[in-house]
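# The amino acid sequence is not available; the structure is as follows:
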């Protein structure tokens, strides 16, 4: 496993992290990166994951000529003063923001992929159900034809016909559980369907 994969392991993130806003978002940043990071984002009003992802570099504010008392205090903790009286952001602070941004971006991509797969699975399931329903209807139609035909008299009683149809439905459920991705597929007479014999 590469070093990048270790640091971009989204399983370290809470499942619902993409929905965090305001204090919950700041608490997450504080627990994940530290108090300085959280305080900077709060001061800049970067209060959600989407807002954070759209901010190119939260530390860029320190490259500007700012006139804000709180940011001035933060800059003394986040930046290093050079001999020429210039300040640079500590690399660890800036890089940790970059890592978090990559991690949250990857989490966003994974969520989108999962959503797309779910939509594709739903379309496939709809197609499978339509196909299976059509074949099931055809099977029932072929069964009902001998029953309604005046030329062919059936020697089966209504209870025998009912039991035959129940067995057919049960077998259909068994045959189609895996293709429909439904482990508990079971249709019950009187609950899921009703027979009407003429």
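Nice, thanks for sending it over. Nothing here was measured: the structure is a model prediction, and the numbers come from that model.
# Report the secondary structure state of residue 72.
Reduced to three states with DSSP: H, G, I helix; E, B strand; the rest coil, the structure at residue 72 is helix.
# Least confident secondary structure element in the chain?
In the chain, no helix or strand scores lower on mean pLDDT, DSSP states H and E than helix 3-7, which sits at a mean of 57.
# For whatever helix or strand comes next after that helix, list every residue counted as buried.
Downstream of helix 3-7, the first helix or strand assigned by DSSP states H and E is helix 22-32. Buried positions in helix 22-32, judged by neighbour count with 16 or more other C-beta atoms under 10 Å: 25, 26, 28, 29, 30, 32. Every C-beta, even on glycine, is put in place using the N, C-alpha and C of the backbone.
# Which parts of this protein are strands?
If DSSP state E is used as the criterion, the strands of the chain fall at 79-81, 87-89.
# just the ones you listed: most buried one?
Compared across the strands of the chain, strand 87-89 shows the largest average neighbour count, a mean of 16 (mean count of other C-beta atoms under 10 Å).
# now the strands of the chain in a markdown table, with distance to residue 177?
Below are these laid out as a markdown table (distance: least, C-beta to C-beta, whole Å):
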| stretch | distance to residue 177 |
| --- | --- |
| strand 79-81 | 62 |
| strand 87-89 | 58 |
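# for this structure, what spans make up the helices?
Taking DSSP state H as the test, the helices found in the chain are 3-7, 22-32, 35-43, 49-54, 69-78, 91-148, 158-180.
# Now tell me which of the ones you listed the model trusts least on average.
Lowest mean pLDDT within the helices of the chain: helix 3-7, at a mean of 57.
# what's the neighbour count on residue 74?
For residue 74, the count of nearby residues is 19 (other C-beta atoms under 10 Å).
# just use 204 as the starting number from now, easier for me
Sounds good: first residue 204 from here, last item residue 277.
# For it, which non-adjacent residue is closest in space?
Once flanking residues are discounted, residue 277 sits nearest to residue 243: 5.8 Å by C-beta to C-beta, 6 or more residues apart in numbering.
# Please tell me how far the one you found sits from residue 270.
From residue 243 over to residue 270 the distance is 17 Å, taken as C-beta to C-beta, to the nearest Å.
# More neighbours: these two, which one.
Between residue 243 and residue 270, counted using other C-beta under 10 Å, residue 243 has the larger neighbour count: 25 against 7.
# Next, the contact list for the more buried one, please.
Taking C-beta atoms under 8 Å, 6 or more residues apart in numbering, we find residue 243 in contact with 261, 262, 264, 277, 281.
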